[in-house]
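> output the structure for:
(2 chains)
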Number of protein chains: 2
Amino acid sequence: MAGGKPGLVLFTSNLERMCEPIAERFDVLRLWSEGDAAIRERGAGVVAILTSGRDRIDAALMDRLPKLRLIVAVGAGYEGVDVSAAKLREITVANAGDTHSGDVADHAVALTLAVIHRILPNDAWVRSGTWETHGYPPNRRALSAERFGILGLGRIGRAIASRLAPFGAEIGWWGPTDRPAGWPRHESALALAAWCTTLIVAARGDTRALVDRRMIDAVGRDGCIINVARGQVIDEDALIAALRDGRLGGAGLDVFCEEPAPPARWANVPNVVLSPHAAGVTVEAMARLRDTAVRNLKTALEGGAVVNEILSR
Amino acid sequence: MAGGKPGLVLFTSNLERMCEPIAERFDVLRLWSEGDAAIRERGAGVVAILTSGRDRIDAALMDRLPKLRLIVAVGAGYEGVDVSAAKLREITVANAGDTHSGDVADHAVALTLAVIHRILPNDAWVRSGTWETHGYPPNRRALSAERFGILGLGRIGRAIASRLAPFGAEIGWWGPTDRPAGWPRHESALALAAWCTTLIVAARGDTRALVDRRMIDAVGRDGCIINVARGQVIDEDALIAALRDGRLGGAGLDVFCEEPAPPARWANVPNVVLSPHAAGVTVEAMARLRDTAVRNLKTALEGGAVVNEILSR
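All right, here's what the predicted structure looks like:
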């Protein structure tokens, strides 16, 4: 415990700005530069972890941090955290709560419209002079003729549906739990994929490869897939193959199995709009996330109740 | 009058598909290939003109077509048509009516979100590997923090406002005629530009250079301008200069003073999303537009009432 300060683990450098107002009250273990040695040498003093939610925080790590009492995920996701293992050890897990589902939904709609309205190829069409030499691009399908399938009707999924409603398209959804909603729930994820023209993935981050090759083929050559959840929710190899083969019409992706997304993997994949995990990252949301993270980290020093405690998976 | 058929004037080749089901009943004058000679030689038999709305159809042309009784604009705009001159000569002018204001509004929203959510630079950020080497792009401003100013609250402007409403931003508008609306009307176009963060131009096509340098500077370095009306509504030289100087934050343009837009004019203009006048061009709208145009052209042959007659400017 350096200088007697309680320890705080950060996995990645971008988390520094999220705890900046309170960082000097902690001995900060910067794992991206200090490596495992930091845990070995100063792990005994660690009381809190600040995580993107994707960092792997399992029972083995918890057992090396005997004073750990709080794990704070800066965003909505916390799929890297073994919540059950934390509960067993009386470690509190908290996330950001609903501080940015509206922003993520906004970005889902932005990607959806970008794909359907061909924002990238149309811009290139003008810039390359193709408009001059070949006339207008092919007609797009009207949004009002779309059938939007929303996979996962949590806060983000609902916010997406309410934003899409005035465009006049049909909206349907599927999620593991039936719940009252203004839109019909389909029988299964696969049934939703077969029905919709655009599948918008807003499922929980721990639903691995829910969107598999069969579902991708069910969306089909005239359809597209938008993902603002986590890369792992889609079988990404199958997605890339379907785009290459023309079995899937298009995609808009804010999340990837590997992040940052390796450019070579996407270089020759057609009809895909790429976004660097930017859905929730607004000036306003970041200020709210930081305030929440700092407030929760303060409880590791001063006691008190955390906000947005995760009670179970 | 070739083969005794009444004449139909087309200015541009893309109009052929809009009258294809009825073309064989007319002697079609193809001005883009036949030139003025067609008017000189066969103008006496012309009963109808099919126009994009932008073709110049003035008193002088009408006087060369003594049997002209109908001018049909395939879309919503008809700014090239001298409606007063037509009325004096008992020539009926008709447009498409409200067959695609929803599609145009969809595209206005698509361009708005593309600019604010940085769809183009973010895609390039991933593809260039900048995400890998430099981390995340700068945070964007939340849509809910925007103030959308809609210039022109006709059918398209209203449709834009209703689509933007669920995103939670403030919405205001200005138009020359006060009318009841769910959103406040500002005192002037300039007042709207000064108030808003994003100015969305849905004004009538004949309001030339309404968005001038003063208005562009009022929108300012943190703002952006979207145009789905007509290129001439904006002082395009002033817009380009403001984007180059960083006095305007961004733009999304579906329409241009010169169309097709010359690529060289836009090559080094930063922060602009270009779209090849595609707002209203959906498969569904084109089918409706063609049906309406064909139905109206039929009245030139068989009599009856045209639909969507323009009674005055």
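
> same question for the worst-scoring helix or strand of chain A on mean pLDDT: list its buried residues.
Across the helices and strands of chain A, the lowest-confidence element by mean pLDDT, DSSP states H and E is helix A:283-302, at a mean of 93. Residues of helix A:283-302 classed as buried: A:284-286, A:288-290, A:292-301 (neighbour count, 16 or more other CB atoms under 10 Å in any protein chain shown). All C-beta spots, glycine's among them, are computed from the backbone N, C-alpha and C.

> contacts only, for A:Ala60.
By CB atoms under 8 Å, 6 or more residues apart in numbering or on different chains, the contact list for A:Ala60 is empty.

> just checking the distance from whichever helix or strand it is part of to the centre of its chain.
Assigned by DSSP states H and E, A:Ala60 belongs to helix A:59-63. Put simply, helix A:59-63 sits 25 Å off its chain's centre (CA atoms, centre = their mean, to the nearest Å).

> any idea which helix or strand comes after it?
Next helix or strand after helix A:59-63 toward the C-terminus (DSSP H and E): strand A:70-73.

> can you tell me what sits against that following strand?
Against strand A:70-73 from outside (CB under 8 Å, 6+ apart): A:47-53, A:57, A:78, A:81, A:86, A:91-96, A:293, A:296-297, A:299-300, A:306.

> circling back to that earlier point, contacting chain B as well, which ones from the buried residues of helix A:283-302?
Under the cut-off given by CB under 8 Å from any CB of the partner chain, chain B has A:284-286 from the buried residues of helix A:283-302 close to it.

> where does the stretch 1-150 of chain A dip in pLDDT?
Flagging of the stretch 1-150 of chain A using pLDDT under 70 yields the residue ranges A:1-3.

> just give me the neighbour total for A:Asp36.
Residues near A:Asp36, counting by other CB atoms under 10 Å in any protein chain shown, number 10.

> how close does it sit to A:Ala241?
37 Å (CB to CB, to the nearest Å).

> looking at the ones next to chain B among the buried residues of helix A:283-302, which is nearest chain B?
The closest of these to chain B turns out to be A:Glu284 (CB to the nearest CB; 4.3 Å).

> spatially, which residue comes closest to that closest one, not counting chain neighbours?
B:Ala142 (4.3 Å; CB to CB, 6 or more residues apart in numbering or on different chains).

> list the contacts of that neighbour.
Neighbouring residues of B:Ala142 by CB under 8 Å, 6+ apart: A:102-103, A:106, A:282-285.

> run through the bridge partners of the nearest residue in space to A:Lys5 that is not next to it in sequence.
In space, A:Lys5 comes closest to A:Asp27 once its chain neighbours are excluded; the distance is 4.2 Å by CB to CB, 6+ apart. Note on A:Asp27: beta-bridge partners by DSSP bridges are A:Gly7.

> quick one: A:Asp27 from chain B, how far?
The spacing between A:Asp27 and chain B, counted by CB to the nearest CB, to the nearest Å, is 25 Å.

> surely that residue is in contact with A:Gly45?
Yes: using CB atoms under 8 Å, A:Asp27 is in contact with A:Gly45, at 6.2 Å.

> low-confidence bits of the stretch 201-313 of chain A, can you list those?
For the stretch 201-313 of chain A (pLDDT under 70), the answer is A:313.

> helices along that one, start to end?
For the stretch 201-313 of chain A, the helices defined by DSSP state H, counting those that start in this stretch occupy A:213-219, A:236-245, A:263-266, A:283-302.

> would you list these in CSV and tack on distance to A:Glu187?
Output for the helices of the stretch 201-313 of chain A, formatted as CSV (distance: least, CB to CB, whole Å):
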stretch, distance to A:Glu187
helix A:213-219, 13
helix A:236-245, 22
helix A:263-266, 33
helix A:283-302, 35
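
> who's in contact with the residue nearest in space to the middle of chain A?
Centroid-nearest residue in chain A: A:Ala229, 3.9 Å away (criterion: CA atoms, centre = their mean). Contact analysis of A:Ala229 by CB under 8 Å, 6+ apart lists A:152, A:156, A:201-205, A:207, A:255.

> restricted to strands, list those.
Counting by DSSP state E, these place A:Val201 in strands.

> could you dump the contacts of A:Ala229 into CSV with distance to B:Val72 and neighbour count added?
Shown next, in CSV, are those (distance: CB to CB, whole Å; neighbours: other CB atoms under 10 Å in any protein chain shown):
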residue, distance to B:Val72, neighbour count
A:Gly152, 48, 24
A:Ile156, 46, 28
A:Val201, 45, 26
A:Ala202, 45, 27
A:Ala203, 49, 26
A:Arg204, 54, 18
A:Gly205, 54, 19
A:Thr207, 54, 19
A:Val255, 49, 24
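
> so which bits of the stretch 101-250 of chain A are right by chain B?
Near chain B, when you scan the stretch 101-250 of chain A using CB under 8 Å from any CB, you find A:102-103, A:106-107, A:109-111, A:113-114, A:116-120, A:122-123, A:125-129, A:131-132, A:135-137, A:139-145, A:162-163, A:165-168.

> swap the cut-off to 7 Å and go again
A:102-103, A:106-107, A:109-110, A:113-114, A:117, A:119-120, A:122-123, A:125-129, A:131-132, A:135-137, A:139-145, A:162-163, A:165-168 (CB under 7 Å from any CB of the partner chain).

> which among the residues you listed end up buried?
A:102-103, A:106-107, A:109-110, A:113-114, A:117, A:119-120, A:122-123, A:125-126, A:131, A:137, A:140, A:142-143, A:162-163, A:166-167.

> residues contacting A:Val233?
Contacts for A:Val233 (CB atoms under 7 Å, 6 or more residues apart in numbering or on different chains) come out as A:201, A:203, A:205, A:207-208, A:210-211, A:227.

> no wait, A:Trp131
A:125, B:260-261, B:276.

> can you rerun that using 8 Å?
A:125, A:137, B:259-261, B:276.

> that one: which element?
Counting by DSSP H and E, A:Trp131 is part of helix A:130-134.

> can you check A:Asp55 too?
Per DSSP H and E, there is no helix or strand for A:Asp55.

> ok, now how distant is the nearest residue to it once chain neighbours are set aside from chain B?
Nearest residue to A:Asp55, sequence neighbours excluded (CB to CB, 6+ apart): A:Phe11, at 4.0 Å. Separation of A:Phe11 from chain B (CB to the nearest CB) stands at 14 Å.

> just A:Asp235 next, same as before
20 Å.

> do A:Thr282 as well
4 Å.

> that residue and B:Pro137 touch, don't they?
No: using CB under 8 Å, A:Thr282 makes no contact with B:Pro137, being 12.0 Å away.

> on that earlier part again, wait, which of the contacts of A:Ala229 is closest to chain B?
A:Val255 (11.3 Å).

> residue contacts, that closest one?
Contacts of A:Val255 by CB under 8 Å, 6+ apart are A:227-231, A:277, A:279.

> next: A:Ala293.
Contacts of A:Ala293 (CB under 8 Å, 6+ apart): A:18-19, A:50, A:72, A:74, A:96.

> let me know the helix or strand that A:His107 is in.
Going by DSSP H and E, A:His107 is part of helix A:101-116.

> run the angle between that helix and helix A:283-302 for me.
Here helix A:101-116 runs at an angle of 140 degrees relative to helix A:283-302 (axes from the mean of the first three to the mean of the last three CA atoms, to 10 degrees).

> the next helix or strand after helix A:101-116 packs against which elements?
Later in the chain than helix A:101-116, the nearest helix or strand by DSSP H and E is helix A:119-127. With contacts defined as 3 or more CB pairs under 8 Å, 6 or more residues apart in numbering or on different chains; DSSP states H and E, helix A:119-127 has these neighbours: helix B:101-116, helix B:119-127, helix B:263-266, strand B:272-274.

> now for the closest residue to A:Arg64 other than its chain neighbours, how many residues are close by?
Spatial nearest neighbour of A:Arg64, chain neighbours left out: A:Gly43 (5.1 Å); criterion: CB to CB, 6+ apart. Here the number of neighbours of A:Gly43 (other CB under 10 Å) works out to 20.
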